Structures are given as structure tokens and as C-alpha cells.
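K.L.:
Provided below are the primary sequence and the corresponding predicted coordinates.
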Protein chains: 2
Amino acid sequence: MAATAWWEALVAAATVGGTAGSSTTVVSICVFTGVLCLCLVAGHLLEENKWVNESITALIIGCLIGAIIFLLTKGKHSHIMRFDEQLFFIYVLPPIIFNAGFQVKKKQFFHNFMTIMSFGVFGVFISVAIVSAGCYWLFPKVGFGQLDASDYLALGAIFSSTDTVCTLQVINQDETPRLYSLVFGEGVVNDATAVVLFNAIKNLNISQLKGRAVLKVISDFLYLFATSTVLGISIGLSTAYVLKALYLGRHSTDREVALMALMAYLSYMMAELLELSGILTVFFCGIVMSHYAWHNVTASSRITTKHIFATSSFIAETFIFLYVGMDALDIDKWKTSKASFKTSISLFGIIILLVLLGRAAFVFPISILSNNMSGSSERVPITFKHQFTFSGVTSDPVHATIITSTIIVVFFTTLVFGFLTRPLISAMLPHHSVAPSRGHSTGSNSPKDDFTLPFFSTDEDASGSGIVLEQAKRSISMLLERPVHTVHIYWRKFDDKFMRPIFGGPQSH
Amino acid sequence: MAATAWWEALVAAATVGGTAGSSTTVVSICVFTGVLCLCLVAGHLLEENKWVNESITALIIGCLIGAIIFLLTKGKHSHIMRFDEQLFFIYVLPPIIFNAGFQVKKKQFFHNFMTIMSFGVFGVFISVAIVSAGCYWLFPKVGFGQLDASDYLALGAIFSSTDTVCTLQVINQDETPRLYSLVFGEGVVNDATAVVLFNAIKNLNISQLKGRAVLKVISDFLYLFATSTVLGISIGLSTAYVLKALYLGRHSTDREVALMALMAYLSYMMAELLELSGILTVFFCGIVMSHYAWHNVTASSRITTKHIFATSSFIAETFIFLYVGMDALDIDKWKTSKASFKTSISLFGIIILLVLLGRAAFVFPISILSNNMSGSSERVPITFKHQFTFSGVTSDPVHATIITSTIIVVFFTTLVFGFLTRPLISAMLPHHSVAPSRGHSTGSNSPKDDFTLPFFSTDEDASGSGIVLEQAKRSISMLLERPVHTVHIYWRKFDDKFMRPIFGGPQSH
């Protein structure tokens, strides 16, 4: 008797996958790994085609797999594995954001830093207001009015944060460095703002959403931003220092690579532990690591880290799109939703309209500032962070309707805007190809004209919805751009004199 | 009301780590990542010291962390995270074994293939018999006799399989290629045998353990070995073919690396899914990938894959030792065990003695065959696979006593034998340095004398317990060595003529 339990444990462990308890996990890992390989090969074969990218391939393959599982299980479910959203935050998101920080063109990113910040923060507030108010006004008109005020605000926050994952896949950093840094940087800041907004809305008494509360939200955001950044930078710097102090000149590639990867992951997890924004932290950690730590390791470590981070990010991205594809056919959710087809379509239409409107209200100023080259300004895929939030198991019909609408919105934005983005960019770039190439070629010697030019550009491209806001923001950004330029020059001096001798990196003078 | 649940889910997802539900995971990941970094740095600093290796550092640091947690939680537990053994099989083991296959010196390994096979299989059977019988005989004498026959057999199987992880860390493949391939190869085969034995013992009626049942076990093993190998080789070959057909000459490093890593992982998971030996499959997949696929990718992919696999393996190994160190102080287990201190020490002594005896009975013939150069023949760390099996949560006092004994054995073998192995090898190698260097320099042109020599060596080193067996085995291996040599020549011709043109790799003629 006593030995039976022991024996069972032994046998279960010795025959992993063989026993019933673990076989579901093994099967789903098998399917996901196999399908990921398929996506890689398909993505490569379709690479020449400018209308299709890897995200779309993964989405479509995910749908097909979902359909196959649906048929095999005779309509019981389309889902081989319930993906815990915690897994997403702990394993899938960090490599994507870290790699973005590691590979981002730092010069471009910091040149536009204040622009990114102001638009990332104010833009989200504006968009949340427009989407929330719009939903509050329009949802009852299509017979769907069972939500209360905080739900509308949550909807606004969810549909206002942009998806950095999609952006990274579609825009080419080398071809359009400025566009990339603006759109991507705004996405990162957006995400932090969304986290703060969620927490703020949760703690606020909705009926008293007045002056002091708004100030609280803004100060919360500034605190979160500052602490997350400081944490990321300090972990990045300590990694650089340890690598410089210990390993310089030795052939210990594996240890170096392991240390860099582990420290990067540690930065994300520590930020989450301290209730900061892990995304911001790991992003700045990536920037610091590529600026200092990367120069302290052996040549093969440099090649390995560069590709190891890009590959993890690539796999994580493909996995997300695949999962969303499978998720779309999940029958439980569609069944639970009691709303009619007409209502669903109306909700979907309203949300898409409001999202475009909310985005137009703050994205067009960025387009003008970046010399009208933002072909992807209309591209608004919903962040997968919130798509995953919505994907939680539910039996509430109101919730289910919102989920199905969200999935339609995700599909529509990824597929339609995804199809359109590349041709749009290539159609718009030839006329404005001077701007990105100038930003690329001037380098650090004369970054001045790179920044004065946007202010002399015409306002004609601004769409009606954003003119007032855009003008207000332009004056803000004009105030902000100059100090950034000065700060950059001092930073370079400080970097060369104090930072690089301690933490490593090439000496430019 | 309806919206509350939805809202809760949103907030929980938006503030990962902040809410109570997920904080335990975040804390434990933080601690493990941080301590892994510490181990890396400490391991590097202690690298010069020949008495200490990274495994021992990780074990000791794990113990210290366990003690700190124990003090911080005021004696409640020493464990920050219960490690599910499934996680070990799904995430930690595959990179270690795949990397072993990927980096193993194929020539050495296949030269000794039949030797490895015969000793790996028969050796485990002999060792199981000795340990089981010894425990059955000695356990009641120290007042610990509550186990039944199948438990004794399980104990035998657990303490008979060797730990490839330790072996890989202590023996240097470049200095002693033959020793490495023999000890490591035997470990891999051992592991497969142990899996088969577990399943066989489970399904057998113990009272009828006679002729036909033994035959069944052997045929099961051969089936498992053949199918696992074929699966691993076919996945490796398809990866090579896909890489050759699609990517040759293109600069798609990230996709190549991702495909290789995913296919390797897929091979392991598919084997587990089909109830084969994942370890064997992923090992052969690694061999095939390094032989063909690795030659079909870009130069930076080659550097990246080489280091990416080594790094993952390195992190996984360090993690295991760290975990075992923390696990050792787990109070629940020690409390549950009702056996006295004296009984525990007796059990520990008996197991160590029997393990050494069982190993001596089949390891010394290998020592003789490999020209007496096997300084590590007395090194018998328990495989962590079974250590983890034992670590499962339990409230059974008999089981708890066995677990505590197992932990002592793991500690003793890792620390004492770990400390001794390097000095022992360096003490024994100078006298026999001719043998390994010859094996290294002759290459494929004259592997003949490499194989005839062992049979002319003296028998004086054979310990008493193994003489009869060892002579029986020598005649088996003499029969087996010759065909291997012939097979190798034909294989080289076949490889150059048919395999390499299809699957890639350098053309040697």
C-alpha cells in the first residue's frame, strides 16, 4: 500500500508522455513546435511576395490547424492547449521586447525620444477618451448596453494601445529608421501608459474622475516610467561591468552568452516583481546591453547574442500569431456569446471606426513631424497583450460578445492593414525617400538639420480630426526637441569620457 | 456584476506579478535567474581550481540559498518553488542531451558504438540485479524492511543508471576523447535501458520473473532503441534536407537557427509522444544535425547554433545542480521520514556500497578495453532523472526515508567523486596518454590498431567481482568490434556517395 503511491510517481516520471496526466502537454507542444517549423518554411517561401508577411502566414496556418482540430474532435473544441496568459507575460513577451531594445537604432530612437514620449502618453489619453466616449454613445444604439462606466474606459484603454509586435514585423528598420523608431517607440510607451491606466481606473471612483485623479494618474505614470528605466539601465550596466571585469580577452563564449541572456530576463522579472513595467525595463536593458555589454565579449559571443536574441524574438512572435489564429475558432467563446450576428458586426464596425478615429487624432501629428512618411499611420492592430487578456475562459455572454468582437478586430487589423502596409509604405516612400535617407546618412556630426526640417513642412496632410490637437502638440514638441539635441551632445561627451571606459564599448574619439 | 469577473481578469493580466496569484512564480523565477547568474560568475572565478567544478559550485550555492530561505521563512520551508518533474523532462533535459549529441566527437563515438551498447545494456541488467538483491538482503538487517519486491527492483534500476550530466561536466572531450565517448555513450544507453526496465517491472508480475519475461524485456529494449534512433535520424535528415533545399547561400540566419532548434526539440517531444526514449532520439538527432544540417547554413548560423546549444545545455545543467542543492534542505521530507539518524546513515552506506559494487562488476571491463585509462570508473552519481522522481511531494514515511537517502547519495557522489575525478584523471592519464592520443591521431586511415590493442592488455586491473563477466564480455566485444570497423568503411563510402550530396556536408574525396 505504502509503496504504491511511490511506485506510481516513479512510473509516471519514467514514462513521460505515456501516461494520461502529461500527454496533453506533450501533444500540444508537439503540435505547436511542428506548426512553428511549418510557418518558418512557409514564411520563407512566401518572402518574395510583398502582400504577405510571416505574421499573416502564421495567422492563416493557425486558423487551418484550428479548423482541423475542430473537425477531428467533432466540433468539441478548436484548441489544443489553453494558453495561460501568465505564460505569455513570463516567456513570450520578454524576448520580443528585449530584442527590440537590443537591435533598435539607438541614435534614431533617442533623437525622437521626447516626441515619442509626449505622443505615447498624451496620445493614449486622447484615444482612450475618444474610444470610451464613442462606445458609451454608440453601443446602446445597436442594442448592446449592459456595460458600466469602468468597462467603457477599459475598452478604451484596450483598443488604444498599439501592438509593437506587428510594427516590428512590417516596418523595416534599415529602410525607414525614423519611422521605425517613432512607431515602435510610441508602442513601447503606449504599453506602459496602458498598464498605468488600467491600475488607475481600477482604483478610481468613476464618479469623481476629476482634476486631482488625473494628476495622480500622470504622476503614477512618471514614477513608473522613471523607476522602470532606472532598473533596466542599472541591470544592463552591471552586466556590462561584470563582463568587462571578468571575461575580457578570454574564450568563454557560452558563459558570456548565458550571463547576458539571464541578466536580460532577470531585469524583466525583477520589474514585474516590483510592480513596474517589465516591458520598459527589459527594453532599456536591451539598449544598454547592446551599447556597452555587447562590446565586452568575444567575437563569437557577439554573433551568437545578436542571433540568439533575434531568433527567440522571431519564434515568440510567430507563436503569438499562430496562437491567435487557433484561438479565433474557439467554439466555446462564440457559443457563449448570445448577441446576434448583426449586433456583433455592428460592435465590430463601431470599434474599428472609433479606433481609427482615436488614432487619427494623435498619429497624424507624428506623421507630419516625421516628414509625412508615415504610411502605416492607419495601422492599428490591437495589442496582443489585451487580446490575451480577453481570451481567458469565460461563461459570461456579455464578455463573450466583447471577446468575439475583439478577435474580429484583431483579425481585420492584422490581415487587412497587414496586407496594405507594405504596399502603402512602398507607394509613399519614393516621394519622401529623402527624409529617411538623410536621417540615415548625416550621422552624429550634423543631427541639427534632421530636426529643424520637420517644422518647416506643410500642414496639408493633417486630417480634419486632429488639426487642433496636432497644432497644440507641435508647440509642445518644438519646446521639447531643442533640449533633446543639446542633451545628446552632452551625453556623447559624458559617454566617451566616463561611461565607456568603465562599462566598455568603442571609444569614438 | 457581470462585468466584475471580466474586470478582475483584465486587471490581473495587466498587473502581472502585482497580484497574489502569480507572485510566487515571479519570485521564484527571479531568485533562480539571479542565482544562476551568481553561479556563472562564481564558476568562472573558481575555474582555475582543479578541485571544484561548476556543478559543485551550483550545489553549494543552492544549499546556501536553501538555508537562507529556511531562515527567512523561520523554518517553514527551504524551497522557493516546487519543481514539477514534468518541467524537467520537457524543458531541462532535452537541451543537455541534444547538445551532447551535437558536440560529441562522432568518430570516437561510433568506433566504440558496439562496446558502448553491450556494456550499457548488459551492465545495467547486472547492476540492477546486484543492487536489488543487496538491498533486499541488507535493508531488513538495519531495521528497514517495509518494501516489496518491485520496490527493490525499482531501487536497483534507479541507482544503476548513470548521470550523463555530471560526466559531461567533468571529463574533457578534447583531452580524453575515447574515455568521454565511452562513459558518455554508456550513460545515454543506460538511460534508455532504465526507462525500459521501469516499464517492464511495472507490467511484470514479480512472482513470475522467469525466462520469457526477461526475453520480453530485451526485445522491448531493442524495439525502443531501434525506433528511437530511426526517429531521431529521420528528423535530423529532414532538417538537413529542408535547410539545403531552401536556404543555401541566403542570409537568413535567424530562420535557420530557429528551424534547427525547433526541429531538435520536436524530435524529443515526438519520441515522448510515441512513448519512445526521447533521450536517445534527441541524441541521434543532434548527431545527424551536426553531421549534415550544420554544413548547410551560413557561417554566422554555424557559430550561433554551436554556442546556442552549448549555452542552453550549460544553463540547464547549472539549474539542475542548483535545484538539487536547494532541495536537499527541504524540511518536509526530512520531517516525514520517521527513520532514525542511524538507519538513514546505514541505508546510505548500503546503497553507496552496492552501487560501487554493481558498477565495478561491469565498468572495469570497459576500463580494460579503453586501455586502463578510465580514472572515473568509480564515479557513480545518481542520475538526476531519478533524483527528481524521488523529489515528488510525499507524506509516506517509507518513501521519505528513501528520498533523504537518495539526496545524501546524490550529494556524496557529486561532491566526493566530483572532487576526486579531475585529480584522478590527471593522475592516471600521464601513464596512459599514448592510448587516447593514438585514438585521436590515427583517424579513419588505420583505425585497426586502435581496436586490436585493448585485447592484448593485461587483465591485472580487473577487480575480483567482475572477472568472469568481463571475460565473457571481452569475447562478445571481440566479435562485435570487427564488423563495426568494416561497417565504418562502408559507411564512409555510402556517406560520401549518397548522403552528403543530398543532405549536405563537406565532400571528403
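P.N.:
It's in. Numbers count the residues shown, from 1 in each chain, chains lettered A, B, ... in the order given.

K.L.:
Torsion angles phi and psi at the residue in the stretch 251-400 of chain A that chain B sits nearest to?
P.N.:
Chain B sits closest to residue A:272 of the stretch 251-400 of chain A, with a gap of 3.4 Å, by CB to the nearest CB. Bear in mind the C-beta positions are built from the backbone N, C-alpha and C, glycine included. Main-chain torsions, residue A:272, degrees, to the nearest 10: phi -60, psi -40.

K.L.:
Next one, pLDDT for it please.
P.N.:
Looking at residue A:272, its pLDDT stands at 84.

K.L.:
burial of it, as a residue count?
P.N.:
Residue A:272: 28 surrounding residues under other CB atoms under 10 Å in any protein chain shown.

K.L.:
That one reaches residue A:278, doesn't it?
P.N.:
Yes. Counting by CB atoms under 8 Å, residue A:272 does reach residue A:278; the two are 4.6 Å apart.

K.L.:
Give me the below-cutoff pLDDT ranges for the stretch 401-509 of chain A.
P.N.:
The stretch 401-509 of chain A contains residues with pLDDT under 70 at A:401-486, A:507-509.

K.L.:
So what's the residue count around residue A:108?
P.N.:
For residue A:108, the tally of surrounding residues (other CB under 10 Å) stands at 23.

K.L.:
which stretch of helix or strand covers it?
P.N.:
helix A:106-111 (DSSP states H and E).

K.L.:
any idea of the mean pLDDT in the helix or strand just after that helix?
P.N.:
Using DSSP H and E, the helix or strand that directly follows helix A:106-111 along the chain is helix A:113-138. Here helix A:113-138 scores 76 as its mean pLDDT.

K.L.:
Packing partners of the next helix-or-strand element following helix A:113-138?
P.N.:
Under the assignment DSSP H and E, the closest C-terminal helix or strand after helix A:113-138 is helix A:149-160. With contacts taken as 3 or more CB pairs under 8 Å, 6 or more residues apart in numbering or on different chains; DSSP states H and E, helix A:149-160 sits against helix A:113-138, helix A:177-203, helix A:341-369, helix A:384-390, helix A:397-412, helix B:2-14.

K.L.:
Is chain B within reach of the first one?
P.N.:
No. Using CB under 8 Å from any CB of the partner chain, helix A:113-138 never reaches chain B; the gap is at least 13.2 Å.

K.L.:
and the angle for that helix with helix A:149-160?
P.N.:
130 degrees (axes from the mean of the first three to the mean of the last three CA atoms, to 10 degrees).

K.L.:
buried residues in helix A:113-138?
P.N.:
A:113-128, A:130-132, A:134-136, A:138 (16 or more other CB atoms under 10 Å in any protein chain shown).

K.L.:
Quick one: list the elements packing against that helix.
P.N.:
Looks like helix A:113-138 contacts helix A:149-160, helix A:177-203, helix A:341-369, helix A:467-494 (3+ CB pairs under 8 Å, 6+ apart).

K.L.:
And the pLDDT for residue A:52?
P.N.:
At residue A:52, pLDDT is 63.

K.L.:
excluding its backbone neighbours, what's nearest residue A:284?
P.N.:
Excluding the flanking residues, the one nearest residue A:284 by CB to CB, 6 or more residues apart in numbering or on different chains is residue A:232, at 3.4 Å.

K.L.:
Wait, the one you found touches residue A:285, no?
P.N.:
Yes. Counting by CB under 8 Å, residue A:285 is a contact partner of residue A:232 at 4.0 Å.

K.L.:
Which one's more surrounded, these two?
P.N.:
Taking other CB under 10 Å, residue A:232 and residue A:285 do not tie; residue A:285 has more neighbours (34 against 31).

K.L.:
That one falls within a strand, correct?
P.N.:
No. According to DSSP: H, G, I helix; E, B strand; the rest coil, the state of residue A:285 is helix, so it is not within a strand.

K.L.:
picking that back up, shared neighbours, residue A:232 and residue A:285?
P.N.:
residue A:267 (CB atoms under 8 Å, 6 or more residues apart in numbering or on different chains).

K.L.:
Skipping its backbone neighbours, what lies nearest residue A:229 in space?
P.N.:
residue A:284 (5.1 Å).

K.L.:
Let me see the contact set for that neighbour.
P.N.:
Contacts of residue A:284 (CB under 8 Å, 6+ apart): A:101, A:228, A:229, A:232, A:233, A:236.

K.L.:
repeat that for 7 Å
P.N.:
Neighbour list for residue A:284: A:101, A:229, A:232, A:233, A:236 [criterion: CB atoms under 7 Å, 6 or more residues apart in numbering or on different chains].

K.L.:
any idea how far residue B:269 is from it?
P.N.:
Computed as CB to CB, to the nearest Å, the residue A:284 to residue B:269 distance reads 35 Å.

K.L.:
Same question for residue A:358.
P.N.:
If you go by CB to CB, the gap between residue A:358 and residue B:269 works out to 43 Å.

K.L.:
repeat for residue A:314
P.N.:
Using CB to CB, we find residue A:314 at a distance of 20 Å from residue B:269.

K.L.:
Look at residue A:228 and tell me its secondary structure.
P.N.:
Following three-state DSSP, we place residue A:228 in the helix state.

K.L.:
and what of residue A:275?
P.N.:
coil.

K.L.:
Which helix or strand contains the nearest residue to residue A:314 once chain neighbours are set aside?
P.N.:
Nearest residue to residue A:314, sequence neighbours excluded (CB to CB, 6+ apart): residue B:254, at 5.1 Å. Element membership of residue B:254 [criterion: DSSP H and E] is helix B:253-273.

K.L.:
again, but for residue A:39
P.N.:
Following DSSP H and E, one finds residue A:39 within helix A:20-45.
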